[in-house]
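> Compute the structure for the input listed below.
(2 chains, ligands or ions: 1)
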Amino acid sequence: MIYLDNAATSWPKPEAVYQAMDGFMCQVGASPGRSGHRLSIEAGRVVYETRESLARLFNIDDPLRIIFTSNATEALNVAINGVLRPGDHAITSSMEHNSVMRPLRALQERGVELTVVSCSKEGFLDPGGIEKAIKPNTRLIVLNHASNVVGTLLPVIEVGAIARRHGVLFCIDAAQSAGAYPLDVSFMKVDLLAFTGHKSLYGPQGTGGLYIRQGVEDVVEPLMRGGTGSRSDSEHQPDFLPDKYESGTPNTVGLAGLGAGVQFVLSRGVNALREKEEKLMYLLIEGLGAIPGVTLYGSGDAREQVAVLSFNIAGIASSEVAMRLEEEYDILCRPGLQCAPIAHKTLGTFPGGTVRVSPGYFTTEYEVDIVLRAIRNIASMGKGIGL
Amino acid sequence: MVLFHSISGALRAEKLLKAEGVPLKMIPVPRHLSSDCGICIRFERADELKVEGILGRSKLEIQGIHQI
Ligand SMILES: Cc1ncc(COP(=O)(O)O)c(C=O)c1O
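The predicted structure is shown next:
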């Protein structure tokens, strides 16, 4: 079997991730931060270690600025719903995932103004377009860092500088880039950074989080309120991080796994991981580009994107290509719209979608070669049941 | 003994202090001292200035240092 759906969830995970989760369940197991006994303290340490590793990865001074959520979607909902009020204006791009688009569209129905800045049909964004969209009531710019459809990187550094200059909050969706591409929150001037644990950070599903810059928490309402283990004498939510946004018993076993995943990234180094994926992407782009009948979408340049590639074969629906890849070649990928209808409208592939292949750290060049041969065969056999 | 607002804060302090070689123990907060979270860090009286310095530099908010 060849697994090419790492953009949905990376798999397999480094061995240390399985061990950390098994170790936590068998030897610690307690609820972190709820009691003073040694197992509870140990569980708290596990969560703290994961926070600290992530802080190192994103160059965050204070690990307590990271709050844990169950995925990037929840983190983005905290950021978007926590900041925007009726009458505010928000700006986003036309390459977003529905985890950004749907919360924004829902707020639009409740009186938030929204500007969606168009990207080119390769998926690139002109930062000038963002600056032009800024108005006196603009509160928030939300931007995808790397597209989950074509991997294209958006100019977050330039937009961060623009946002800071205009006093607008800047939030990035780093679901596809965290662990796969260098991220430095102070250099990038981001106020809010949402990440997910189960993609290029190699953690299990059900983990993710949000970095909140010092002071920004004053204008971000929590999504949920409840027990935190702190201020137990008060019936009001604490105002300090991370407790303000971390109510209820966390996914400690998941965070134990995420900690091991982030350690894996730190020990290999983001640049080395990226180099490996860039090589695989180069082979895929060159190989697919040379097959008659195959259309590639996105930048067409492995250096300008993360390890996600979308294509179509003339005359065959993306869902059928994916089905044939699985049934005839045991290759697993993802067809369709990948939860990002607006990105497909930008690329000109709506509503049919694309076949998305996303290699990962454990994908080999040999596997890429098999994939290219499989796609060449399917394309040369021509029309299937049609679009 | 130093008290914190949150367990996450106490755990961050534990790591910072351990890294500087301060002997310490994480213990449940004694009943007569109220605290926002259930645990605190006990250290030797002689290390008080050092502890204050390390925590001050980290800008970690504490709830207070108490003598027991
Ligand atoms: C760009 C992008 N944003 C957000 C998400 C949402 O991540 P999650 O499903 O972990 O909430 C994903 C992946 O599903 C994504 O690719």
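> Going by C-alpha atoms from here, please, whenever you check contacts or count neighbours.
OK.
> nearest residue to residue 51 other than its sequence neighbours?
Reading this off chain A. residue A:63 (5.5 Å; C-alpha to C-alpha, 6 or more residues apart in numbering or on different chains).
> think we crossed wires, I meant chain B
Leaving aside its sequence neighbours, residue B:51 sits nearest to residue B:17 (C-alpha to C-alpha, 6+ apart; 7.0 Å).
> didn't that neighbour look like it was pressed against residue B:53?
No: using C-alpha atoms under 8 Å, residue B:17 is not in contact with residue B:53, being 10.2 Å away.
> Compare those two and say which is more crowded by neighbours.
Shown here are residue B:17 and residue B:53; by other C-alpha atoms under 10 Å in any protein chain shown, residue B:17 has more neighbours (19 against 12).
> which SSE is that one in?
helix B:7-19 (DSSP states H and E).
> Give me the residues contacting that helix.
The contact list for helix B:7-19 (C-alpha atoms under 8 Å, 6 or more residues apart in numbering or on different chains) reads A:33, A:44-45, A:48, A:64, A:229-230, A:242, B:3-4, B:24, B:26, B:37-41, B:51, B:54-55, B:60-62.
> ok, now with 7 Å
With contacts defined as C-alpha atoms under 7 Å, 6 or more residues apart in numbering or on different chains, helix B:7-19 is touched by A:33, A:45, A:48, B:4, B:37, B:39, B:40, B:55.
> Please read off the pLDDT at the residue nearest to residue B:51 from the model.
Residue B:17 is assigned a pLDDT of 95 by the prediction.
> now swap in the one 10 residues further on and tell me
What the model reports as pLDDT for residue B:27 is 87.
> That one: what's it in contact with?
Residue B:27 makes contact with A:36, B:39, B:40, B:41, B:42, according to C-alpha under 7 Å, 6+ apart.
> ok, now residue A:59?
Residue A:59 sits in contact with A:184, A:185, where contact means C-alpha under 7 Å, 6+ apart.
> What is the nearest of the contacts of helix B:7-19 to the ligand?
For the contacts of helix B:7-19, the closest approach to the ligand (C-alpha to the nearest ligand atom) belongs to residue A:48, at 20.8 Å.
> my read is the closest one is in a strand, agree?
No: read with DSSP: H, G, I helix; E, B strand; the rest coil, residue A:48 is helix and lies in no strand.
> Could you pull out the helices in chain B for me?
B:7-19, B:48-58 (DSSP state H).
> Please name whichever of the contacts of helix B:7-19 scores lowest on pLDDT.
residue B:37 (69).
> can I get the contacts of helix B:7-19 in TSV with distance to the ligand?
Shown next, in TSV, are the contacts of helix B:7-19 (distance: C-alpha to the nearest ligand atom, whole Å):
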residue	distance to the ligand
A:33	25
A:45	24
A:48	21
B:4	32
B:37	30
B:39	33
B:40	35
B:55	35
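> Can you tell me which of those is closest to residue A:340?
Of all those, residue A:340 sits closest to residue A:48, with 33.4 Å by C-alpha to C-alpha.
> quick one: is stretch A:230-247 near chain B?
Yes: contact check for stretch A:230-247 against chain B, using C-alpha under 7 Å from any C-alpha of the partner chain: residues in range are A:230, A:231, A:232.
> Strands along the stretch 201-350 of chain A, start to end?
Residue ranges of the strands in the stretch 201-350 of chain A, as given by DSSP state E, counting those that start in this stretch, are A:208-212, A:294-297, A:309-313, A:331-332, A:334-336.
> same question but for the stretch 51-200 of chain A, I mixed them up
Assigned by DSSP E, counting those that start in this stretch, the strands in the stretch 51-200 of chain A fall at A:66-69, A:89-93, A:113-117, A:138-144, A:169-173, A:192-196.
> which secondary element of chain A has the worst mean pLDDT?
Lowest mean confidence among the helices and strands of chain A (mean pLDDT, DSSP states H and E): helix A:185-188, at a mean of 92.
> for it, packing partners?
For helix A:185-188, the elements it packs on are helix A:156-166, judged by 3 or more C-alpha pairs under 7 Å, 6 or more residues apart in numbering or on different chains; DSSP states H and E.
> ok, so what distance separates the closest residue to the ligand within the stretch 201-350 of chain A from chain B?
Residue of the stretch 201-350 of chain A nearest the ligand, by C-alpha to the nearest ligand atom: residue A:208 (6.8 Å). As for residue A:208, its distance to chain B is 17 Å (criterion: C-alpha to the nearest C-alpha, to the nearest Å).
> just the strands of the stretch 51-200 of chain A: most buried one?
strand A:192-196 (a mean of 29; mean count of other C-alpha atoms under 10 Å in any protein chain shown).
> Show me the contact partners of that one.
Contacts with strand A:192-196, where a contact means C-alpha under 7 Å, 6+ apart, come from A:71-72, A:75-76, A:79, A:170-175, A:178, A:207-213.
> tell me which parts of chain A are close to the ligand?
Residues of chain A lying close to the ligand (C-alpha under 6 Å from any ligand atom) are A:8, A:71, A:72, A:73, A:97, A:99, A:147, A:148, A:173, A:175, A:176, A:196.
> export these to TSV and tack on pLDDT?
Below are those laid out as TSV (pLDDT from 0 to 100):
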residue	pLDDT
A:8	98
A:71	98
A:72	98
A:73	98
A:97	98
A:99	98
A:147	97
A:148	97
A:173	98
A:175	98
A:176	98
A:196	98
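> which residue sits farthest out from the middle of chain A?
Largest separation from the mean C-alpha position in chain A: residue A:233, at 37.3 Å (C-alpha atoms, centre = their mean).
> Can you give me the pLDDT of that one?
For residue A:233, pLDDT reads 81.
> Same question for the one 10 residues further on.
At residue A:243, the pLDDT value in this model is 94.
> cool, and residue A:81?
98.
> same deal with residue B:62?
For residue B:62, the predicted pLDDT is 89.
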